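J.: just a sequence and a predicted model for now, questions to come.
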Amino acid sequence: MSKIDLEFNKNEDQFKLLVSNLRTKEKKVKLGGGEKKIEEQHQKGKLTARERIAYLIDKKSEFLEIGLFAGEGMYKEVGGCPSAGVVTGIGYIEGRQCVIVANDATVKAGAWFPITAKKNLRAQEIAMENHLPIVYLVDSAGVFLPMQDEIFPDKEHFGRQFRNNAKMSAMGIIQVAAIMGSCVAGGAYLPIMSDEAMIVDKTGSIFLAGSYLVKAAIGEDIDNETLGGATTHCEISGVTDNKFPNDQACLDYIRSLFRKLGALPRTGFNRVKALPPKEKPEDIFGIFPADRAKPYDTLEIIKRLVDDSEFDEYKALYGKTLICGTARIDGWAVGIVANQRKVVKNKKGEMQMGGVIYSDAADKAARFIMNCNQRRIPLVFLQDVSGFMVGSKAEHGGIIKDGAKMVNAMANSTVPKFTVVIGNSYGAGNYAMCGKAYDPRLIVAWPTSQIAVMSGASAAKTLLQIRVNTLKAQGQQITKEEEEKLLKEITDRYNEQLSPYYAAARLWVDAVIDPLETRKFISMGIEAADFAPLEKFNVGVIQT
């Protein structure tokens, strides 16, 4: 076996181990509050959040889950909050793409943590950006009171979702809500601000204050069913539109609503019959190096993601540390901007480091992004970036100006953008390559990704230097052994924050995915974006 084959096999083994760990984590998180809590739901005659979604969507159709790892490793002091206590994603109902939000009552009775609010707002954002219908399957005890100060009053807190209800209504976006469990306090406004609200008899209830609070506030003795059950709200108050005997009947009715929806106009992104890549997608596992410092040819990755492995490169001989070009993914025409990770030569014969954005590359990318907007071609960014080039030569050459030109074009782009973090995502490189702050319609990460201001090694050395200097300024001496111990502590803590699961827990990315799922995420994302009208592209002021 050759040295190349050995390296390929080593890479493949390491990558497959990362994917296996991903599957294990997914399986655990999807249990929500655990098997005991799931059984309690069943004993009440209720389906779980995931069972409701599986029943509601079209059989054998895809469900693109958003935020599966939201809350991962957070709130340990109160027992955690798996998947933020809510399941969200894009699915198909009667062939119609829509956003689904389902409270998971197995997690703290579906109570809202700070990350729950962020995840719900992300789901609403996806619906608003893409003009998709949204379905709420409500089963929540309301705000998690011990953390009310972190979820209640601010702009991006709990109340923002009701503002979004109103905005989506004005935009003509269809909102359907099913009250399938508790729906209390301020949360009661969400289903009632939807276009149609239904309720499950005996298990669904909705009120501003439950029976205990009513007793405490005004001294009235009343049970929850009489106060806000299905019969009360369908026959007396008129708050809800229809009641159903069980979850299944309620979900069947939602499907019947979608069966009668009128067609929406399409933006018209170009699509032809899809072709699989000619090059084996599984080869990605062997091509992508286990050692993140080693170079590789990003073009080989692209060939395993695009239809028929065909890629028309733009300015192939110029600005080589960024690869730009057009291709198709699942039939959709796309423009791809990717960091080239192998060492290349520029037009002067000078060597340029892979993964670094130089002035010529930034200039090329800005022009390519403008072309894609002119031609109404969605953009896909493949991130494995260390940042922009630094040093006197780069500064004198105007790297800040050229970098700003690229960021300006990318930020003002009006065609839908999709970001896949395949490796490093450091510093300003994260921004230029359409990080979360720049409104990608979807942003996902491979298990090999790392997101931070700088690499773990660089950050740890910098932080160590600051700590040592601080101790010396205080008159303390530090031995070499103590310095090494301190470096290890800093490195371990920083490396934990580099993890894609750390990013996914905080919704910096929508999902951590197997590379073989990349085409699906991009395709379904473009399909969703095809329902939203495009604004006119205006790049603003760009220095030349």
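T.: Yep, it's here. Numbers count the residues shown, from 1 in each chain.
J.: now find how far off-centre stretch 433-443 is within its chain.
T.: Its chain's C-alpha centre and that of stretch 433-443 lie 9 Å apart, by C-alpha atoms, centre = their mean, to the nearest Å.
J.: what's next to that stretch, contact-wise?
T.: 66, 126, 129-130, 337, 339, 379, 381, 383, 385, 410-411, 416-421, 425, 431, 508-510, 521-522, 525, 528-529 (C-beta atoms under 8 Å, 6 or more residues apart in numbering). C-beta here means a position set from N, CA and C on the backbone, and glycine is covered the same way.
J.: for stretch 161-179, same thing?
T.: 98, 117, 120-121, 124-125, 127-128, 131-139, 186, 189-200, 204-206, 240, 250-251, 254, 257, 261.
J.: and those, which of them are buried?
T.: 98, 117, 120-121, 124, 127-128, 131-139, 189-200, 204-206, 240, 250-251, 254, 257 (16 or more other C-beta atoms under 10 Å).
J.: now, which of the residues you listed lie within helices?
T.: The helices, defined by DSSP state H, take in 117, 120-121, 124, 127-128, 189-192, 250-251, 254, 257 from the buried ones among the contacts of stretch 161-179.
J.: between those, which sits nearest Asp363?
T.: The closest of those to Asp363 turns out to be Met128 (C-beta to C-beta; 33.6 Å).
J.: which SSE is Val444 in?
T.: strand 442-445 (DSSP states H and E).
J.: what sits up against the next helix or strand after that strand?
T.: Where DSSP H and E defines the elements, the next helix or strand beyond strand 442-445 is strand 450-452. The contact list for strand 450-452 (C-beta under 8 Å, 6+ apart) reads 292, 421, 423-426, 430, 445, 456, 459, 494, 497-500, 503, 508-509.
J.: can you say which of those residues are buried?
T.: Applying 16+ other C-beta under 10 Å to the contacts of strand 450-452 flags 421, 423-426, 430, 445, 456, 459, 494, 498-500, 503, 508-509 as buried.
J.: in strands, which of the residues you listed fall?
T.: Val421, Gly423, Asn424, Ser425, Tyr426, Ala445 (DSSP state E).
J.: next up, phi/psi of the closest residue to Gly32 other than its chain neighbours, please.
T.: Nearest residue to Gly32, sequence neighbours excluded (C-beta to C-beta, 6 or more residues apart in numbering): Thr106, at 4.0 Å. Thr106 has phi and psi values of phi -80, psi -10 when expressed as degrees, to the nearest 10.
J.: for Thr106, give its distance to Leu145.
T.: 19 Å (C-beta to C-beta, to the nearest Å).
J.: what about the two, which has more around it?
T.: Thr106 (24 against 12; other C-beta atoms under 10 Å).
J.: pretty sure that one is touching Glu35, no?
T.: No. Thr106 is beyond contact range of Glu35, at 9.2 Å (criterion: C-beta atoms under 8 Å).
J.: returning to that earlier point: could you give me the buried positions within the strand holding Val444?
T.: Leu442, Ile443, Val444, Ala445.
J.: circling back: per-residue confidence for the residue nearest to Gly32?
T.: At Thr106, the pLDDT value in this model is 97.
J.: who's in contact with it?
T.: Contacts of Thr106 (C-beta under 8 Å, 6+ apart): Gly32, Gly33, Gly34, Lys37, Ile38, Glu40, Gln41, Thr48, Ala49.
J.: distance of it from Ser392?
T.: From Thr106 over to Ser392 (counting by C-beta to C-beta), the distance is 58 Å.
J.: and for Thr491?
T.: On the measure of C-beta to C-beta, Thr491 and Ser392 end up 30 Å apart.
J.: what about the helices in the stretch 201-350 of the chain?
T.: Listed in chain order, the helices of the stretch 201-350 of the chain (DSSP state H, counting those that start in this stretch) span 211-218, 224-228, 230-231, 247-259, 284-287, 298-303.
J.: of those, which is nearest Val86?
T.: Judging the helices of the stretch 201-350 of the chain by C-beta to C-beta, what sits closest to Val86 is helix 247-259, at 16.8 Å.
J.: packing partners for the closest one?
T.: helix 49-56, strand 86-93, strand 175-184, strand 196-200, strand 242-244 (3 or more C-beta pairs under 8 Å, 6 or more residues apart in numbering; DSSP states H and E).
J.: give me whichever of these is most buried.
T.: strand 175-184 (a mean of 26; mean count of other C-beta atoms under 10 Å).
J.: before we move on, back to that, now the helices and strands packed on helix 247-259 as TSV including mean pLDDT and distance to Lys303?
T.: Below are the helices and strands packed on helix 247-259 laid out as TSV (pLDDT from 0 to 100; distance: least, C-beta to C-beta, whole Å):
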stretch	mean pLDDT	distance to Lys303
helix 49-56	98	35
strand 86-93	98	27
strand 175-184	93	42
strand 196-200	95	47
strand 242-244	96	51
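J.: sorry, back to before: which of the buried ones among the contacts of strand 450-452 lies closest to Glu300?
T.: Nearest to Glu300 among the buried ones among the contacts of strand 450-452, with distances taken as C-beta to C-beta, is Gly423, at 13.6 Å.
J.: how much space separates the closest residue to that closest one other than its chain neighbours from Ser449?
T.: Sequence neighbours aside, Asp384 is the residue nearest to Gly423 in space, at 3.3 Å (criterion: C-beta to C-beta, 6+ apart). Between Asp384 and Ser449 the computed distance is 8 Å (C-beta to C-beta).
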